[in-house]
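**Q** need coordinates for the below:
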Amino acid sequence: MPIFIFKCLKCEEVYDELTKYDETGKYEGVECPECGSADKKQQMHRVSPPQFGNPVGTDKWNDHDYRFHHNLPNVIKQREAAERASSVGSEPYNKIDDISGGEYFGEVE
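**A** Numbers count the residues shown, from 1 in each chain. Coordinates of the predicted model:
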């Protein structure tokens, strides 16, 4: 059901009401919450249509998943070429184990 905006003709209170569309425009059962009057005038309000342009996951430029999966084969090839050309290989960092033992085991600063 849509939300309609009404203005009370008695106390001029503006309020909204969730009700079915009435072709006659009388909207039986809708009363002013301030004074309880049934005399009202329907007000115009802005309608925002649903956005169907770019459903989630299909926007080529703003969606990380699309860009990542679209370019994944090229990224893998570049990574492999960089590892082959590197002088340190695929493991550029020394293995450090300071959690279960080693020179700095148990040291807290």
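
**Q** okay, CA-based contacts and neighbour counts for the rest of this
**A** Noted.

**Q** can you give me the strands for the chain?
**A** 3-8, 14-18, 40-43 (DSSP state E).

**Q** which of these sits closest to Ile76?
**A** strand 3-8 (52.1 Å; CA to CA).

**Q** so what strands line up beside the closest one?
**A** Sheet partners assigned to strand 3-8 using DSSP bridges are listed as strand 14-18 (antiparallel), strand 40-43 (antiparallel).

**Q** still on that earlier bit, which one of the strands of the chain lies nearest to Gly25?
**A** When the strands of the chain are ranked by proximity to Gly25, the top entry is strand 40-43, at 7.8 Å, counting by CA to CA.

**Q** dump that closest one to PDB, keeping only the CA atoms.
**A** As requested, the backbone C-alpha atoms of strand 40-43 are provided in PDB (Å, rounded to 0.1, in the frame of the first residue of the first chain):
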ATOM      1  CA  LYS A  40      -8.800  16.600   4.500                       C
ATOM      2  CA  LYS A  41      -7.100  17.500   1.300                       C
ATOM      3  CA  GLN A  42      -4.600  15.200  -0.400                       C
ATOM      4  CA  GLN A  43      -1.200  16.800  -0.900                       C
END
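
**Q** neighbours of Glu34, how many?
**A** For Glu34, the tally of surrounding residues (other CA atoms under 10 Å) stands at 13.

**Q** my guess is it contacts Glu12. True?
**A** No: under the contact definition of CA atoms under 8 Å, Glu34 does not touch Glu12, with a separation of 9.5 Å.

**Q** circling back: so which of the strands paired with strand 3-8 is the most surrounded?
**A** strand 40-43 (a mean of 17; mean count of other CA atoms under 10 Å).

**Q** state the mean pLDDT of that one.
**A** Confidence for strand 40-43, expressed as mean pLDDT, is 92.

**Q** many thanks, we can stop here.
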